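# here's my sequence, what's the structure:
(one chain, ligands or ions: 1)
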Amino acid sequence: GFTPSRDGLLQIDDDLLSSLIQKENITGVYDLDKTPLGRGKYATVWRAVHKKTGTAYAAKFVKKRRRNQDQMKEIIHEIAVLIKCKSTNRVIRLHEVYESVTDMVLVLELAAGGELQHILDGGECLKEVEARKSMKQILEGVAYLHDNNIAHLDLKPQNLLLSEQDSCDVIKLCDFGISKVLIPGVSVREIVGTVDYVAPEVLNYEPIVLSTDIWSIGVLAYVLLSGFSPFGADDKQQTFLNISRCSLSFESEHFGDVSSAAIDFIKSALIVNPKDRPNIHEMLDHPWISLKSNIPPALTLKPCDHINQSNNVAPKSTPLSQRKS
Ligand SMILES: Cc1cnc(Nc2ccc(CC#N)cc2)nc1Nc1cc(C2CC2)[nH]n1
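Sure thing, here's the model as predicted:
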């Protein structure tokens, strides 16, 4: 495995790293589109078609130097996280690594549907059943990270990719550029993330914890179901205030047809004290997510009130699963 260093970054030893980097120049192996798919702060992503196989990928060019500072440790950490995530299909796959004078290039799985943000830009939000299916996949991806002590720290619709165009059936996590490995006993503090999704403890410059992602998941569920950002305001300072006060409202015009289970799911994650938030497995067990939605309503047992009214002891009902067939 890779050795985590004290600043929360994974390291790869030099000869393993050099064995990972392709010798050729990427432009000799892939045809890059003229216009990029998207630009991050310090990375540009291009659709890249492998000349021999015709397979399409996403080539992420990351600057090796940023504001005249070497970024190789951070880039190697992102590569190491992606390698650790090879065994889950909830995370965008790393295919190859190239190097140029100015950039490291991560050749990544192409999610043709692009950013989930794109759906929200159209002023739409997801239907509750779609939001639930998306959230379940996102939670499964984050569970994989958290089981490996990796905090993503930038969960937002721009970093959630749709595998197929015009369908949110398959969703994948991407962009581990500011993720951290949290080793018990080593506290990592850094102002990270995107304002609307950032947790109160990050604003207070307190140690970053896995549950920092749980807060972002709460914000994400609110946004997917309503199309609105719960703490968003005109200026950053007001947004920061809304977050640290956790001033949250569910306007009926946005949440009128949203189930109480979904609203409870959001509220359960948006707790100011990170220690009081559920962990990722508890979020997966929340009724809104784990709902066995394929049991027809008639079969969901409800205590029959008339027995209680005649204050007999209600017969011990054996759960369906234990009933003799
Ligand atoms: C069709 C498409 C459209 N737009 C973007 N934008 C984008 C830009 C930067 C980042 C941030 C990052 N990383 C994420 C998405 N990605 C796309 N597909 C991808 C993009 C990728 C890998 C993640 C780059 N695979 N398939």
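
# now do the buried residues in stretch 157-171.
Neighbour-count burial for stretch 157-171, counted by 16 or more other CB atoms under 10 Å, picks out 157, 158, 159, 160, 161, 162, 163, 168, 170, 171. The way it works is simple: take the backbone N, C-alpha and C, and place the C-beta from them, glycine included.

# ok, these vs residue 181, which is closest?
Ranked by distance to residue 181 (CB to CB), the buried residues of stretch 157-171 are led by residue 159 at 18.0 Å.

# these two touch, right, the closest one and residue 175?
Yes. With contact defined as CB atoms under 8 Å, residue 159 reaches residue 175; the gap is 4.5 Å.

# and the pLDDT for whichever residue of the stretch 101-250 of the chain sits closest to the ligand?
Evaluated by CB to the nearest ligand atom, the stretch 101-250 of the chain has residue 114 as its residue closest to the ligand, separated by 3.2 Å. Per-residue confidence (pLDDT) for residue 114: 96.

# now do the contacts for it.
By CB atoms under 8 Å, 6 or more residues apart in numbering, the contact list for residue 114 reads 37, 38, 161, 162, 165.

# all strands of the stretch 151-300 of the chain, in order?
160-162, 171-173, 180-181 (DSSP state E, counting those that start in this stretch).

# from the chain's centre, how far out does the last one sit?
Mean C-alpha position of strand 180-181 versus that of the full chain (CA atoms, centre = their mean, to the nearest Å) differs by 14 Å.

# for it, which helices and strands make contact with it?
Contact partners of strand 180-181 among helices and strands, from 3 or more CB pairs under 8 Å, 6 or more residues apart in numbering; DSSP states H and E: strand 150-151.

# and the ligand, which of the buried residues of stretch 157-171 contact it?
Contacts with the ligand within the buried residues of stretch 157-171, counted by CB under 6 Å from any ligand atom: residue 161.

# pull the most distant pair out of the buried residues of stretch 157-171.
Most distant of the buried residues of stretch 157-171, by CB to CB, are 158 and 170, 17.4 Å apart.

# need the residues that contact the longest helix seen in the chain.
Of all the segments assigned as helix in the chain under DSSP state H, the longest by residue count is helix 128-147. Helix 128-147 has contacts (CB under 8 Å, 6+ apart) with 85, 88, 90-91, 116, 125-126, 151-152, 155, 160, 168-173, 179, 210, 213, 217, 220-221, 224-225, 257-259, 262, 265, 279-281, 283-284, 288-289, 291, 293.

# which PyMOL command selects the buried ones in those?
Buried members of the contacts of helix 128-147 can be picked out in PyMOL with the line below, counting by 16+ other CB under 10 Å:
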select buried, resi 85+88+90+91+116+125+126+151+152+155+160+168+170+171+172+173+179+210+213+217+220+221+224+225+258+262+265+280+283+284+288+289
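
# tell me what residue 160 is bridged to.
Legend: beta-bridge partners of residue 160 under DSSP bridges are residue 173.

# would you check that it makes contact with residue 173?
Yes. With contacts counted by CB under 8 Å, residue 160 reaches residue 173, the gap being 6.6 Å.

# ranges for the helices of this structure?
Under the criterion DSSP H, the chain carries helices at the ranges 14-20, 26-29, 72-84, 116-121, 128-147, 200-203, 211-226, 236-245, 252-255, 260-269, 280-284, 287-290, 305-309.

# since that was my last question, I'll sign off now.
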